[in-house]
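following is a predicted model, sequence given first.
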Amino acid sequence: SFHQKKAMNKHQSHAAASTTEAPKDTRLGFTGVTSFTVANMIGTGVFTTLGFQLLDLHTPFALLALWIVGGLIALCGSLVYGELGAAMPRSGGEYHYLSVIYHPAVGFLSGFVSLTIGFAAPVALACMALGHYTESLFPEGVTAQMIAVSALLIITAVHMWSVRGGSRFQNVFTLLKLALIVAFIVCGVAAGGDKQPFLPVPDGAGWRELLSPAFAVCLIYVSYAYSGWNASAYVAGEVRDPQRTLPRSLLWGVTIVAVAYVGLNATFLSLVPHEEMEGKLQVGFIAAQHLFGPTGASLMAGVIGLLLVSSISSMIFIGPRVSQVMGEDYTLFRFLSHRSRRGTPAVAVAVQSAISLLFILSGSFEQVVTFSGFILSLFTFLSVLGVFVHRRRYPEAERPYRTWGYPVTPILFLMLTGWTMVFLLIEKTSESVLGIFTLGIGLGAYAVCRGWEMMKRYKEHREQVAERVAADTSATRKKKRATCPE
């Protein structure tokens, strides 16, 4: 039909409007993109949330099932993002997908949240955590805030310098991160004599906890630990052969992290008496003390510090790709789309890190991170729902990869994520309402951008009309002179 052809033309124009691409020799391959996904997921969450889960859940079966369900949610989401990324291979992630599938205003809101909260606040949080974990390793007088600011500035400089250099930096620290986690798990297995009774049998008590409201509470913590599973979707414009590389990197990244998370939590639960970890934030330190003795805490401080360097690096690399694409689409943000000679979106990197620096110096970002959970979940929910809308609106679109298990996998993601969002809205009402208020600010910013674009087009139109009038007047005068010679 006419409407389907019109929609298809719109999709092709959006898909063709690729990001200002990095030079081909600086683009990321499968290993580089996968390492960003893994690094963006593995942060402080897996080392800090088990103690809070133990307050409500007590059976090993329910506790490990929690991490398996969280991995299943991330895996289902990554399967859908693989199709969307292959069909619309442009940097920006949800910003680009939602703009094409629904309306540019929806995509703008997603990009606005990513620019102001989605990446800048977690970067600041990870930098401050790095400062607190490693403060004891530095000479007296070096404060946690000084370490946080220094880490932010150094890693920002690396990613402003070059895409290839940032990718190599990321690969090295991601491999270190995985090696350290594997080493910790192996050491825990080797310490068989000191193990606690641990048998994740699906008995009646375990199933009751699995189906309880407490399980939904704990799933929020696990979702936080798994956040970042969609990382490679944000850098599609930096990837070699994105139609093939993106789906593979998403699937492998999520699978690697899920296996690491289940193994690490099984190690924690088998090493330490559960009551000793209940309500405690630093379960990694407690487990290290049981595993390595009195020096374990200091060792774990250095380990978590290395893990956080990788997480900070991945978020500093990925976040600016969203604001860069927004700069390409909106004149008001055009300065964010500038690339350096080495292909990095240097201005966008600097702006995001400046916002992170403000969070670090003010120390007032904890609530921002809390309320951002509902909003960020909302946009991933809309993106996964968008695979149904996209297939209906653009049935003729090229799809190099199709979602495995469709429609079951996206429906499963929507059900589990929707369940978590409803719970957040009920139990964290003030934070959720504050997040919705942020969307209102974003809509205001979108209206300003659209008004700016309309004024610019109107001005250009007036100039064109004036030029045509001047040209017609000149032609008329010449004609008069030719027909009425003096």
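It's in. Worth saying up front: this structure is predicted, and the values here are computed from it rather than measured.

A266 contacts L64, correct?
Yes - at 6.3 Å, A266 and L64 qualify as touching, with contact defined as CB atoms under 8 Å. C-beta: built from backbone N, CA, C; applies to glycine.

pull up the overlap in contacts between those two.
P200 (CB atoms under 8 Å, 6 or more residues apart in numbering).

now G418: how far from L72?
15 Å (CB to CB, to the nearest Å).

more neighbours: which of these two?
L72 (18 against 14; other CB atoms under 10 Å).

which strand or helix spans that one?
helix 60-87 (DSSP states H and E).

before we move on, what about G188?
Counting by DSSP H and E, G188 is found in helix 163-190.

what is that helix packed up against?
Counting contacts by 3 or more CB pairs under 8 Å, 6 or more residues apart in numbering; DSSP states H and E, helix 163-190 packs against helix 30-41, helix 144-161, helix 242-271, helix 283-292, helix 296-329.

and it with helix 283-292, angle?
For helix 163-190 against helix 283-292, the angle by axes from the mean of the first three to the mean of the last three CA atoms, to 10 degrees is 50 degrees.

starting at the chain centroid, how far to the helix or strand just after helix 163-190?
Once the chain leaves helix 163-190, the next helix or strand it forms, by DSSP H and E, is helix 204-210. Helix 204-210 sits 32 Å away from the centroid of its parent chain (CA atoms, centre = their mean, to the nearest Å).

identify each buried residue in helix 204-210, please.
G206, E209, L210 (16 or more other CB atoms under 10 Å).

and the helix or strand following the helix holding L72, what does it pack onto?
Using DSSP H and E, the helix or strand that directly follows helix 60-87 along the chain is helix 94-101. If contacts are counted by 3+ CB pairs under 8 Å, 6+ apart, helix 94-101 sits against helix 2-16, helix 104-113, helix 296-329, helix 366-393.

packing partners for the last one?
This points to helix 366-393. helix 60-87, helix 94-101, helix 104-113, helix 120-134, helix 213-226, helix 408-427, helix 429-483.

the shortest one versus helix 296-329: what angle between them?
Taking the same axes, to 10 degrees, one finds helix 94-101 and helix 296-329 inclined to each other by 40 degrees.

got a list of contacts for helix 94-101?
So helix 94-101 is contacted by 10-11, 14-15, 84, 88, 90, 106-111, 114, 230, 233, 322, 325-326, 329, 379-380, 382-383, 386, 389-390, 393 (CB under 8 Å, 6+ apart).

ok, now with 6 Å
Applying CB atoms under 6 Å, 6 or more residues apart in numbering, the set of residues contacting helix 94-101 from outside is 14, 84, 88, 90, 106-107, 110-111, 322, 379, 383, 386, 389-390.

farthest pair in these?
V322 and V389 (21.0 Å; CB to CB).

more neighbours: these two, which one.
V322 (29 against 13).

not counting sequence-adjacent ones, nearest residue to that one?
S114 (4.5 Å; CB to CB, 6 or more residues apart in numbering).

same check on H390?
Closest to H390 by CB to CB, 6+ apart is I101, at 5.2 Å.

report how many residues lie close to that neighbour.
Neighbour tally, I101, other CB under 10 Å: 24.

now distance to A126 and mean pLDDT too, for the helices and strands packed on helix 94-101, in JSON lines please.
Formatted as JSON lines, those follow (distance: least, CB to CB, whole Å; pLDDT from 0 to 100):
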{"stretch": "helix 2-16", "distance to A126": "33", "mean pLDDT": "48"}
{"stretch": "helix 104-113", "distance to A126": "18", "mean pLDDT": "88"}
{"stretch": "helix 296-329", "distance to A126": "5", "mean pLDDT": "78"}
{"stretch": "helix 366-393", "distance to A126": "10", "mean pLDDT": "82"}
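
now the ones you listed in a markdown table, with distance to F437?
Formatted as a markdown table, the helices and strands packed on helix 94-101 follow (distance: least, CB to CB, whole Å):
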| stretch | distance to F437 |
| --- | --- |
| helix 2-16 | 30 |
| helix 104-113 | 12 |
| helix 296-329 | 21 |
| helix 366-393 | 9 |
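
select, out of those helices, the one closest to T156.
Once the helices and strands packed on helix 94-101 are compared by CB to CB, helix 296-329 is nearest, at 5.8 Å.

now for the closest one, which elements pack on it?
helix 30-41, helix 120-134, helix 144-161, helix 163-190, helix 283-292, helix 346-362 (3 or more CB pairs under 6 Å, 6 or more residues apart in numbering; DSSP states H and E).

next one: the longest one to chain centre, how far?
If I follow you right, that is helix 163-190. For helix 163-190, the distance to the chain centre is 20 Å (CA atoms, centre = their mean).

also compute the angle for it relative to helix 144-161, please.
Using the same axes, to 10 degrees: helix 163-190 against helix 144-161 is 130 degrees.

so for helix 163-190, what's the average pLDDT?
Averaged over helix 163-190, pLDDT sits at 75.

next: stretch 135-150.
86.

let the chain start at 96 from now.
OK, 96 is where the count begins now, so the last one is stretch 230-245.

may I have it as PDB, with CA atoms only?
What follows is stretch 230-245 as a C-alpha-only set of coordinates in PDB (Å, rounded to 0.1, in the frame of the first residue of the first chain):
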ATOM      1  CA  GLU A 230      42.500   4.600  49.100                       C
ATOM      2  CA  SER A 231      44.400   2.400  51.600                       C
ATOM      3  CA  LEU A 232      46.800   1.400  48.900                       C
ATOM      4  CA  PHE A 233      48.000   5.000  48.300                       C
ATOM      5  CA  PRO A 234      50.200   7.200  50.600                       C
ATOM      6  CA  GLU A 235      48.600   9.200  53.400                       C
ATOM      7  CA  GLY A 236      47.000  12.400  52.200                       C
ATOM      8  CA  VAL A 237      45.700  10.900  48.900                       C
ATOM      9  CA  THR A 238      41.900  11.000  49.300                       C
ATOM     10  CA  ALA A 239      39.300   8.900  47.700                       C
ATOM     11  CA  GLN A 240      38.000  11.900  45.700                       C
ATOM     12  CA  MET A 241      41.500  12.600  44.400                       C
ATOM     13  CA  ILE A 242      41.800   9.000  43.200                       C
ATOM     14  CA  ALA A 243      38.300   9.200  41.600                       C
ATOM     15  CA  VAL A 244      39.000  12.400  39.700                       C
ATOM     16  CA  SER A 245      42.400  11.200  38.600                       C
END
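
that older thread, quick one: closest of the helices and strands packed on helix 189-196 to K554.
helix 391-424 (19.1 Å).

would you mind listing the buried residues in that closest one?
So for helix 391-424, counting by 16+ other CB under 10 Å, buried means 391-392, 395-396, 398-424.

same thing with stretch 232-247?
Buried residues in stretch 232-247 (16+ other CB under 10 Å): A239, Q240, I242, A243, V244, A246, L247.

so how far is the first residue of it from its last?
Distance across stretch 232-247, first residue to last, is 18 Å (CA to CA, to the nearest Å).

so what touches it?
By CB under 6 Å, 6+ apart, stretch 232-247 touches C222, M223, L225, G226, H227, E230, S451, I455.

who touches the second one in this structure?
Remark: with contacts taken as CB under 6 Å, 6+ apart, M223 is in contact with A243, I455.

all good on my end, thank you.
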